[in-house]
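Asker: Quick one, structure for this:
(one chain, ligands or ions: 1)
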Amino acid sequence: MSVLKITGGCSLSGSLRVQGAKNSVLPLLAASVLTEGLSVFRNCPRLSDAEATVRILRHVGCRVYGEGDALYVDASGPIRPEVPDALMRQMRSSVIFLGALLSRCGEVSLSLPGGCELGPRPVDLHLLALRSLGAEVIEAGDRICCRAGALKGGRIDLPFASVGATENAMLAAVRAAGSTVISGAAREPEIRDLQDYLRACGALVSGAGSGTIRIVGVEKLRGAEKRILPDRIAAATWLAACASAGGRIRLYDACPAHMLPVLRALERMGCAVKTGENLIVLERTGPLKSPGPIITRPHPGFPTDAQPPLMAAALRARGTTVMIETVFENRFRHVPALRSMGADIRTAGRTAIIRGVEGLHGAEVRASDLRGGAALAVAALGAEGETLLRGMEHVERGYEDMAGALTALGADARLCEEE
Ligand code: EPU
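Answerer: Got it, this is the predicted structure:
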């Protein structure tokens, strides 16, 4: 088991390339089974969740190989419409194979997905989307079987802008007969990335980025080439790290337009933020102040995934910061570990109240989920002394070499093996 050792208290400086987005590469890889050809994905981050997706692709019959930061997926052979439990349980985004395999094979059988425990994560909206296109859905325990023969385009009204349900709806609709309108669609940049890929494959999709996506089904899709967009949550994490530790960092291959609520919050905390094309520079010299209330919302609101790292940056900010989590029911699991580092945080339901403290101290802590683990690393950088962060398997699901990234930014961070 690996442990991240961080000695805090020194300011950050340096440049870092932002990795490709986890939440884009995973649905894109799943989408590639829809095509009867070869797809090439560039700027792929090396993540355990991406490896898990590749294992599913190979199981269903795709040939997959990597070269540098590119992944090649050849889905031209026969595809098996079934994913075993053990592969499904490795991550949440395996649920995107539901729409992808149904669309490709006319049937699919898989079990409920795994992923971070952030509260209940039902799949009712995914199933609603598939039923709206004529799929017959049978749920037996943890197993879901869908059959459609031929999917038929229709109206899909999502009562909540679920990212995954929007992705499944798009994948099922691109090869359904006739037109589909998805209303109440998620507007995240990753949805736009999926649309761009599907279009390159020959699909007729428009509207991604707005709440209404329109699709006209086509019979076949070809493989295509796609560059994965920059990871806005990884970028937010490095910016929060610099806010926590102080100093000046420069992130390149970033997309500032995708993360405006995070940049504005960091400015309100007293950081100087400059943006350019694919570039973000953040400098924090003076003391931090509270950013005011932070309420997480679907895009273009403040992203739930950036809430834990920003909370960690706010621990020493002057004043009181209120954070309200509206997307997930249980996204404060990092709070007890932050308290053990000297933080003053009270939680009640989906609200956290953070009172700025003078200083934090290093501690032995464990990540309980991906972004919660990132929050502990951010807090450790602003704390005096050494922090030992365990549970790195959660962090490695979404951050490519966190120790290397932090070291490039001048931090004292090392990944060690523990007996
Ligand atoms: N929901 C339902 N029913 C459904 C689907 C979702 O009630 O059928 C609820 C969920 O329980 C949750 C809320 O809707 O409370 C949001 O879920 P959504 O479906 O939008 O999220 P997701 O597709 O499961 C993706 C990201 C998450 C990110 C969320 C919100 C991927 C692989 N995951 O999850 O990323 O937090 O959107 O932006 O794209 C992370 O990167 O750490 C992470 C958790």
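
Asker: For I215, grab the count of nearby residues.
Answerer: 28 (other CB atoms under 10 Å). C-betas here are computed from N, CA, C, even on glycine.

Asker: so how far is the helix or strand it falls within from its chain's centroid?
Answerer: According to DSSP states H and E, I215 maps onto strand 212-216. Here strand 212-216 is found 24 Å from its chain centre; the criterion is CA atoms, centre = their mean, to the nearest Å.

Asker: partners of whichever helix or strand comes after that strand, with directions?
Answerer: Downstream of strand 212-216, the first helix or strand assigned by DSSP H and E is strand 225-227. Strand 225-227 sits in its sheet next to strand 38-42 (parallel), going by DSSP bridges.

Asker: Check which element follows the strand it pairs with along the chain.
Answerer: helix 48-60.

Asker: Now do the same contact list for E418.
Answerer: 1-3, 390 (CB atoms under 8 Å, 6 or more residues apart in numbering).

Asker: and the strand holding I215, which residues are buried?
Answerer: 213-216 (16 or more other CB atoms under 10 Å).

Asker: From these, pick the one nearest the ligand.
Answerer: Taking CB to the nearest ligand atom as the measure, the ligand sits nearest to I213 out of these, at 14.8 Å.

Asker: Could you give the number of residues near E225?
Answerer: By other CB under 10 Å, 13 other residues sit near E225.

Asker: I233: which element?
Answerer: Going by DSSP H and E, I233 is part of helix 232-245.

Asker: Which strands or helices does that helix pack on?
Answerer: strand 12-17, helix 22-31, strand 247-252, helix 260-268, strand 279-284, helix 307-313, helix 370-381 (3 or more CB pairs under 8 Å, 6 or more residues apart in numbering; DSSP states H and E).

Asker: so which of these gets nearest A161?
Answerer: helix 22-31 (14.3 Å; CB to CB).

Asker: helices and strands around that closest one, which ones?
Answerer: strand 38-42, helix 48-60, helix 96-105, helix 163-173, helix 189-200, helix 232-245.

Asker: and the closest residue to P261 other than its chain neighbours, what does it touch?
Answerer: Distances taken as CB to CB, 6 or more residues apart in numbering place F302 nearest to P261, at 4.2 Å, with adjacent residues excluded. By CB under 8 Å, 6+ apart, the contact list for F302 reads 261-262, 265, 294-296.

Asker: tell me which of those residues is nearest to the ligand?
Answerer: Once CB to the nearest ligand atom is applied, the member of those that ends up nearest the ligand is T296, at 8.7 Å.

Asker: What subset of the contacts of F302 is buried?
Answerer: Buried among the contacts of F302 (16+ other CB under 10 Å): 261-262, 265, 294, 296.

Asker: can you tell which of the helices and strands packed on helix 232-245 is closest to the ligand?
Answerer: Of all these, helix 22-31 comes closest under CB to the nearest ligand atom, at 3.4 Å.

Asker: Just the CA atoms of the closest one, as CSV, please.
Answerer: The C-alpha coordinates for helix 22-31 follow below in CSV (Å, rounded to 0.1, in the frame of the first residue of the first chain):
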residue,chain,number,x,y,z
LYS,A,22,-11.0,11.7,-15.9
ASN,A,23,-14.7,12.5,-16.4
SER,A,24,-14.2,12.9,-20.1
VAL,A,25,-11.9,9.9,-20.9
LEU,A,26,-14.1,7.4,-19.1
PRO,A,27,-17.4,8.0,-21.0
LEU,A,28,-15.4,8.5,-24.3
LEU,A,29,-13.8,5.1,-23.9
ALA,A,30,-17.1,3.5,-23.2
ALA,A,31,-18.6,5.4,-26.2
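
Asker: What's the mean pLDDT across it?
Answerer: The average pLDDT within helix 22-31 is 97.

Asker: So is it next to the ligand?
Answerer: Yes. Part of helix 22-31 sits near the ligand under the criterion CB under 6 Å from any ligand atom, namely 22-23, 26.

Asker: Which residues does that helix contact?
Answerer: 41, 44-45, 47, 49-50, 53-54, 56-57, 71, 73, 91, 93-94, 96-97, 100, 163-164, 167, 171, 188-190, 193-194, 197-198, 226, 228-229, 231, 233-234, 305, 397-398.

Asker: Mind telling me what element the residue nearest to V95 when sequence neighbours are not counted is part of?
Answerer: Spatially, and ignoring its direct neighbours in sequence, V95 is nearest to P113 (4.3 Å; CB to CB, 6+ apart). Assigned by DSSP H and E, P113 falls within no helix or strand.

Asker: what about P113, distance to the ligand?
Answerer: 8 Å (CB to the nearest ligand atom, to the nearest Å).

Asker: tally of neighbours for that residue?
Answerer: Neighbourhood size, P113 [other CB under 10 Å]: 24.
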